[in-house]
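>>> With the sequence up front, the predicted model follows.
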Amino acid sequence: MTLIEKVLHLAPVIPVVVIDDARQAVPLARALVAGGLPVIEVTLRTAAALDAVRAIADEVPDAVIGTGTVRRPADLDASAKAGARFAVSPGASPDLVAAARGHDVGWLPGAATASEAMTLAEQGFVFQKFFPAEAAGGTALLRSLHGPMPEIRFCATGGIGVKNAPDYLATPNVACVGGSWCTPAALMRAGDWQAIEALALAASQLRGD
Ligand SMILES: O=C(O)C(=O)C[C@H](O)[C@H](O)COP(=O)(O)O
């Protein structure tokens, strides 16, 4: 089993988090792990992101830490250097595909169409992020892809929350879903780790319909 395959099967939900202040990283990660969500994706959208990844990798051993918004080969290298185990991209590019082969971090590339999914599978990446899930066609599109390409498995992300997650989790080619709903900006700003742990707990108990 590859690292990415393991990561996608550890929990039903991968929280996608935006961290503005690296000091939030450790208490946040502890809350998510305590709530049953050990896999955490920190988006590389903020200046604090890599320091946050480093802090979680160093101080929260039960977390499986990865990066998101990985758009360039340099992002993969920076992720590995900070201690990330995996890296997630909203899509894929020839440069990223080449850099991801044999890289220390496991790579989860993004796909939103049949052609994108087929191209990535041809290149050896059968685990993919289906993004932007709701905007691209949701579970109807995923079910349509399952017929002709049953070996491809997705982490569906984009517009998913506690209400529609069960429908995704019941879709045969969905391994897990990702989303930002467990870590709302207001709770992050307030440092309300208890509330975030409660959201994580509810998410960790989600199952397919
Ligand atoms: O940053 C990335 O790498 C992305 O691909 C986008 C994120 O996964 C989504 O922004 C999360 O989606 P929401 O749960 O709808 O907020």
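Ah, there it is. Please read these numbers as outputs of a predicted model, since none were measured by experiment.
>>> Give me the contact status of stretch 184-192 with the ligand.
No. On the criterion CB under 6 Å from any ligand atom, stretch 184-192 is out of touch with the ligand, staying 10.0 Å away. Bear in mind the C-beta positions are built from the backbone N, C-alpha and C, glycine included.
>>> can you list the residues that contact that stretch?
Stretch 184-192 is contacted from outside by 17-20, 24, 27-28, 195-196, 199, using CB atoms under 8 Å, 6 or more residues apart in numbering.
>>> Extract the C-alpha set from it and format it as PDB.
The C-alpha coordinates for stretch 184-192 follow below in PDB (Å, rounded to 0.1, in the frame of the first residue of the first chain):
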ATOM      1  CA  PRO A 184     -13.900  27.800  10.500                       C
ATOM      2  CA  ALA A 185     -11.900  31.100  10.400                       C
ATOM      3  CA  ALA A 186     -13.800  32.600  13.300                       C
ATOM      4  CA  LEU A 187     -13.000  29.600  15.600                       C
ATOM      5  CA  MET A 188      -9.400  29.700  14.500                       C
ATOM      6  CA  ARG A 189      -9.100  33.400  15.300                       C
ATOM      7  CA  ALA A 190     -10.700  32.800  18.700                       C
ATOM      8  CA  GLY A 191      -8.500  29.900  19.400                       C
ATOM      9  CA  ASP A 192     -11.600  27.800  20.300                       C
END
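>>> Going by neighbour count, list what's buried in it.
Residues of stretch 184-192 classed as buried: 187-188 (neighbour count, 16 or more other CB atoms under 10 Å).
>>> Let's see if you can find the most crowded of the contacts of stretch 184-192.
Among those, L28 has the most neighbours (other CB atoms under 10 Å), with 29 neighbours.
>>> Remind me what the helix or strand that residue falls within packs against, helices and strands.
Element membership for L28, per DSSP states H and E: helix 25-34. If you count contacts as 3 or more CB pairs under 8 Å, 6 or more residues apart in numbering; DSSP states H and E, helix 25-34 packs onto strand 39-43, helix 49-59, helix 193-204.
>>> now for those, which one comes closest to the ligand?
strand 39-43 (4.3 Å; CB to the nearest ligand atom).
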